[in-house]
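Participant: Quick one, structure for this:
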Amino acid sequence: MTHLLLTGAGFSKNWGGLLASEVFNDLLSAGELDQATRDVLYKANEPRGGGFEAVLARLQGATDPANVRRCETLTSVLAGISNMMGNGFMQRQFEFAAIPDTRYSLTPFLHRFDTIFTLNQDTLIEQKYLPGNISRRTHLPGLKFMNPSAMTGAVLDKFAMMEPNPSDFQLSPSIQPYVKLHGSVNWMESNTGQRMLIIGGAKTVLIGRFPLLKWYQDEFRKALMRPGARLMVMGYSFSDEHINDAIFTAAKDSDLKLFIVDPGGVNIIDKRDKTAAIPIPKEAFQEVLERQIVGVSTRPISSTFNDDIVENGRLARFFRP
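Facilitator: A predicted model of the protein is given here:
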């Protein structure tokens, strides 16, 4: 049996990370954005407007100099917001209990997964989990530090700038991979100077431009298709088409089982328009995933891995045969 974890923004939220709606609020206070960008951000924030990622997607397809500059500026501001989150994480401890009990704490729970996948681009795990994971080595596959000679052992080394390392495009069964499917705020292609941040609506196209992220996506699909694979989803809103397609295909064709950890519970996979005058029937995506769900937790992980022993036991059942 293969146990996989996929985390989204709702995971980092437990340490003060921002959800998409909160990122929008931060964008409004960014002085670098011109009025034209602010206007389209407001419009995108309306119901079914697509949010700031829809704005970025349109700008990413632009060819005129003004919108190219707006795209670069918006991307830079978003990277700055992620860096701000990283600075905030430095002030927080990873475990939620003042005196962690290893039977119910988060770190040993994470050790139990064969692979941890994430859509987050922050450095929470690099700061708090990777350095202290002694019982099971964890690493970022396919990457190397851009300036290893500058490492001093300081806390900032944990999220120093990194770049792809093609010689390490492999997963070792003895090491737990931490795979950031949409890149990271501290990753860059040194030969092009491009940030490796997948933000916006055209994620599949953008992923295809980076061999490392394309390899990650392939590994994600292969892992989900393994016989007996189980996927725990923490804090992902099921809003990315390419991720949903990988999960849907594995659930339909390879009997992938799902455990959802989200305040929205099973409703998080229901993407129908609730305001429609005529009720919309369930789509195949929802019907297939509902049949494959083996567990749901709607309580915050900040309590589940603190003093909520009952809910902690519910999540632990994910690993039972």
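Participant: so Ser174 sits right up against Arg137, yeah?
Facilitator: Yes: checked against CB atoms under 8 Å, the pair Ser174 and Arg137 is within contact range at 7.5 Å. Every C-beta, even on glycine, is put in place using the N, C-alpha and C of the backbone.
Participant: neighbour count winner among those two?
Facilitator: Of the pair Ser174 and Arg137, Arg137 is the one with more neighbours under other CB atoms under 10 Å, namely 11 against 6.
Participant: Which residue is the nearest non-sequential neighbour of that one?
Facilitator: Counting by CB to CB, 6 or more residues apart in numbering, Arg137 lies nearest to Ile175, which is 4.8 Å off, once chain neighbours are set aside.
Participant: How about Thr138?
Facilitator: Nearest in space to Thr138, with sequence neighbours left out and distances taken as CB to CB, 6+ apart, is Gln176 at 4.3 Å.
Participant: And for Asn244?
Facilitator: Of all residues apart from its sequence neighbours, Phe238 sits closest to Asn244 (CB to CB, 6+ apart), at 5.8 Å.
Participant: What about that neighbour, how many residues nearby?
Facilitator: Neighbours of Phe238 under the rule other CB under 10 Å: 21.
Participant: What residues does it make contact with?
Facilitator: By CB atoms under 8 Å, 6 or more residues apart in numbering, the contact list for Phe238 reads Asn244, Ile268, Ile269, Lys271.
Participant: let's see it at 10 Å
Facilitator: For Phe238, the contacting residues are 8, 244, 247-248, 260, 262, 264, 268-271, 285-286, 289, taking CB atoms under 10 Å, 6 or more residues apart in numbering as the criterion.
Participant: helix, strand or coil for it?
Facilitator: When the structure is split into helix, strand and coil by DSSP: H, G, I helix; E, B strand; the rest coil, Phe238 lands in coil.
Participant: Please apply the same query to Leu171.
Facilitator: With three-state DSSP as the basis, Leu171 sits in coil.
Participant: and the gap between the closest residue in space to it that isn't next to it in sequence and Ala250?
Facilitator: When the adjacent residues along the chain are set aside, Leu171 lies closest to Pro177, with 5.2 Å between them (CB to CB, 6+ apart). Counting by CB to CB, to the nearest Å, the separation of Pro177 from Ala250 is 18 Å.
Participant: In the chain, where's the longest helix?
Facilitator: Across the chain, the longest stretch assigned as helix under DSSP state H is helix 65-89.
Participant: Can you give me the buried ones in the following helix or strand past that one?
Facilitator: Elements were assigned by DSSP states H and E; along the chain past helix 65-89, the next helix or strand is helix 106-111. Counting neighbours by 16 or more other CB atoms under 10 Å, one finds that the buried residues in helix 106-111 are Leu106, Thr107, Pro108, Phe109, Leu110.
Participant: Could you give the bridge partners of Leu143?
Facilitator: When bridges are assigned using DSSP bridges, the partners listed for Leu143 are Pro164.
Participant: In contact with it, which residues?
Facilitator: Met162, Glu163, Pro164, Asn165, Asp168, Phe169, Lys180, Ser184, Asn186, Trp187, Met196, Leu212.
Participant: give me that answer again for 7 Å
Facilitator: By CB atoms under 7 Å, 6 or more residues apart in numbering, Leu143 lies in contact with Met162, Pro164, Asn165.
Participant: Any chance of CSV for those residues, columns distance to Val205?
Facilitator: Putting the contacts of Leu143 into CSV (distance: CB to CB, whole Å) gives the following:
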residue, distance to Val205
Met162, 23
Pro164, 18
Asn165, 24
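Participant: Out of these, the closest to Lys144 would be?
Facilitator: Taking CB to CB as the measure, Asn165 is the one of those closest to Lys144, at 4.0 Å.
Participant: Contact partners for the nearest residue to that closest one once chain neighbours are set aside?
Facilitator: Here the nearest residue to Asn165 in space, its sequence neighbours aside, is Lys144; by CB to CB, 6+ apart that works out to 4.0 Å. Shown here is Lys144, whose contacts under the criterion CB under 7 Å, 6+ apart are Met162, Glu163, Asn165.
Participant: go on, Arg112?
Facilitator: Counting by CB under 7 Å, 6+ apart, Arg112 touches His3, Phe319.
Participant: And it, its phi and psi?
Facilitator: Comment: the main-chain dihedrals of Arg112 come out as phi -80, psi -10, following degrees, to the nearest 10.
Participant: For Leu18, see how far away it is.
Facilitator: From Arg112 over to Leu18 (counting by CB to CB), the distance is 28 Å.
Participant: Near Ala54, how many other residues are there?
Facilitator: Ala54 is surrounded by 18 other residues when neighbours are defined as other CB under 10 Å.
Participant: brain fart, Arg272
Facilitator: Other residues lying near Arg272 total 12 when counted by other CB under 10 Å.
Participant: Would you confirm that it contacts Ile278?
Facilitator: No: distance between Arg272 and Ile278: 11.0 Å, which falls outside the contact criterion (CB atoms under 7 Å).
Participant: Check Asn312 and give its pLDDT.
Facilitator: The confidence metric pLDDT takes the value 95 at Asn312.
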